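In: using only what follows, build the 3D model:
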Amino acid sequence: MNRQLLFNIFRYNPQDPESAPHLERFALDESDAMTLHLALTRIREEQDPSLQFDFCCRAGVCGSCGMVINGRPGLACRVATRDLPDEITLLPLPVFQLVGDLSVDTGSWFRDMYDATESWIHTRELFDPAKPEKRMDNALAESIHELDRCVECGCCVAACATARLRPDFLGAAGLNRVARFRADPRDERTDRDYYEIIGNDLGIFGCMGLLACEDVCPQHLPLRNRLGFLRRKMGVTALKQFFGK
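Out: As a prediction, this is how the structure comes out:
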């Protein structure tokens with residue numbers, strides 16, 4: 001016999017002056033292979049059409065359905081209800097601007113992060129569409145792709161203690177983005193150039209090293225290794241600048 005699940009869902013519409021933040025309870029019979037996304041869809045279709053939450057691909061690729069699930073950031077489409085207790089509490093991701101209920105605006109945060117990290121290839125070489133593409137070692141291309149698998153769900157940012165205290169902190173998503181371009185041989189920036197971007201408390205030196213970001217990353221990105229690598233590189237760069245080398 002399938003369980004009956006109890007959902008405590010955060011409700012609040014910041015556009016409505018009469019709305020107040022609160023938890024609303026919903027009961028739902030569990031079905032086979034149910035994910036949180038399917039459960040929320042049923043609640044919206046069968047019980048409350050005003051419930052707000054985000055989704056797009058339903059396959060863990062778009063990163064839209066990030067939320068705090070029983071205290072842990074995750075993707076609703078990737079979490080099966082069979083792995084959760086009978087009572088489930090769902091909250092919007094912190095740090096990001098709340099749109100309503102479980103929906104947050106991650107897009108504005110990521111656009112600002114891309115601007116802050118100058119997230120594009122920096123090169124003095126003029127583009128010639130007639131020239132063949134530059135060849136790249138396959139192992140190097142795979143290592144860059146590994147860092148490029150971020151789906152921008154915001155879970156790592158929501159789990160970050162520094163980001164909770166400082167909304168202008170780049171977070172693991174921003175630092176991973178820097179690591180991706182530093183590994184790319186087409187980008188001509190030096191470590192000193194990167195130091196100007198992340199060599200401060202808003203960048204790599206603001207990281208507390210708690211690594212909750214890696215714990216909750218749905219893509220299992222190697223954030224611990226990349227953040228440690230950047231910290232060492234930026235530390236060496238700071239020393240070189242201090243001693244005038």
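
In: pretty sure residue 25 is in a strand, no?
Out: Yes: Residue 25 forms part of a strand when assessed by DSSP: H, G, I helix; E, B strand; the rest coil.

In: what's the helix or strand for the nearest residue to it once chain neighbours are set aside?
Out: With CB to CB, 6 or more residues apart in numbering as the measure, residue 8 is the residue that lies nearest to residue 25, at 5.7 Å, once sequence neighbours are left out. Bear in mind the C-beta positions are built from the backbone N, C-alpha and C, glycine included. Following DSSP states H and E, the helix or strand that holds residue 8 is strand 4-11.

In: which secondary structure elements does that strand contact?
Out: strand 22-29, helix 36-46, strand 87-91 (3 or more CB pairs under 8 Å, 6 or more residues apart in numbering; DSSP states H and E).

In: CA atoms of the second one as PDB?
Out: Provided in PDB are the C-alpha atoms of helix 36-46 (Å, rounded to 0.1, in the frame of the first residue of the first chain):
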ATOM      1  CA  LEU A  36       9.300  15.800  -5.900                       C
ATOM      2  CA  HIS A  37       8.700  17.500  -9.200                       C
ATOM      3  CA  LEU A  38       5.800  15.100 -10.000                       C
ATOM      4  CA  ALA A  39       4.400  15.500  -6.500                       C
ATOM      5  CA  LEU A  40       4.400  19.300  -6.800                       C
ATOM      6  CA  THR A  41       2.800  19.100 -10.300                       C
ATOM      7  CA  ARG A  42       0.000  16.900  -8.800                       C
ATOM      8  CA  ILE A  43      -0.500  19.300  -5.900                       C
ATOM      9  CA  ARG A  44      -0.700  22.200  -8.300                       C
ATOM     10  CA  GLU A  45      -3.100  20.400 -10.700                       C
ATOM     11  CA  GLU A  46      -5.300  18.700  -8.100                       C
END
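
In: and the angle from that helix to strand 4-11?
Out: Computed by axes from the mean of the first three to the mean of the last three CA atoms, to 10 degrees, the angle separating helix 36-46 from strand 4-11 equals 80 degrees.

In: list the buried residues for helix 36-46?
Out: For helix 36-46, the neighbour count (16 or more other CB atoms under 10 Å) marks 36, 37, 38, 39, 40, 41, 43, 44 as buried.
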